[in-house]
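# test case, fold it:
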Amino acid sequence: MSSTGSPPGAEEEFEPYVRRKRAEGGSRKKMQGLNEQEQNMLRNSINSRERRRMHELNDEFESLRECLPYPNEANSRRMSKANTLLLASNWIKHLSNANHKLQMELNAANAKIEMLKTQYQKSEKPTQKCSKCKQNVCFSVDCITSS
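Residues are numbered from 1 along each chain as shown. Take a look at the predicted model:
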């Protein structure tokens, strides 16, 4: 654990804008060992990989924007990445609160159903059979319908 109480390496995950320190010229030495054409190929490869990564990230942000309650009309401006994340975070909190509220209402309704069931079961009284019915010789309407 570091002095802030977080595990080592956690600072890198929570502070994406802080750049890592460069190694002692390791990549510079690699570039110096290449001729100009190889350096350009390496640079183009790195740029292409970064461009592809950014396109994928932008596609994911666009997918996230489609899920949010925000007007997607042709004349409205597209939200920035920061606004998209902020709205998504607030929307998730709102849905979580609504879900919690509905869960509480459902639990209350289930408790009320159980209470009504027990009250109904207590109110049902077993019918008393007459002495003739106990001997199977009674043909009273009350005895016939209750059995």
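# quick check: mean pLDDT across the helix or strand hosting Thr118?
Using DSSP states H and E, Thr118 maps to helix 81-123. Throughout helix 81-123, pLDDT has a mean value of 94.
# from the contact counts, what lies against that helix?
Judged by 3 or more CB pairs under 8 Å, 6 or more residues apart in numbering; DSSP states H and E, helix 81-123 is in contact with helix 36-67. Where you see a C-beta, it was placed from the backbone N, CA and C, and this is true even at glycine.
# sorry, back to before: now the angle from the helix holding Thr118 to helix 36-67?
Relative orientation of helix 81-123 versus helix 36-67 (axes from the mean of the first three to the mean of the last three CA atoms, to 10 degrees): 40 degrees.
# heading C-terminal from helix 81-123, find the next helix or strand.
helix 131-134.
# what mean pLDDT would you report for that following helix?
71.
# sort out which residues of that helix are buried, please.
Using 16 or more other CB atoms under 10 Å as the test for burial, helix 131-134 gives Cys133.
# could you do stretch 81-96 as well?
For stretch 81-96, by 16+ other CB under 10 Å, it's 84, 87-88.
# in JSON lines, list these along with distance to Leu42.
Listed next are these as JSON lines, based on distance: CB to CB, whole Å:
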{"residue": "Thr84", "distance to Leu42": "34"}
{"residue": "Leu87", "distance to Leu42": "39"}
{"residue": "Ala88", "distance to Leu42": "37"}
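# of those residues, closest to Met115?
Nearest to Met115 among those, counting by CB to CB, is Ala88 at 40.6 Å.
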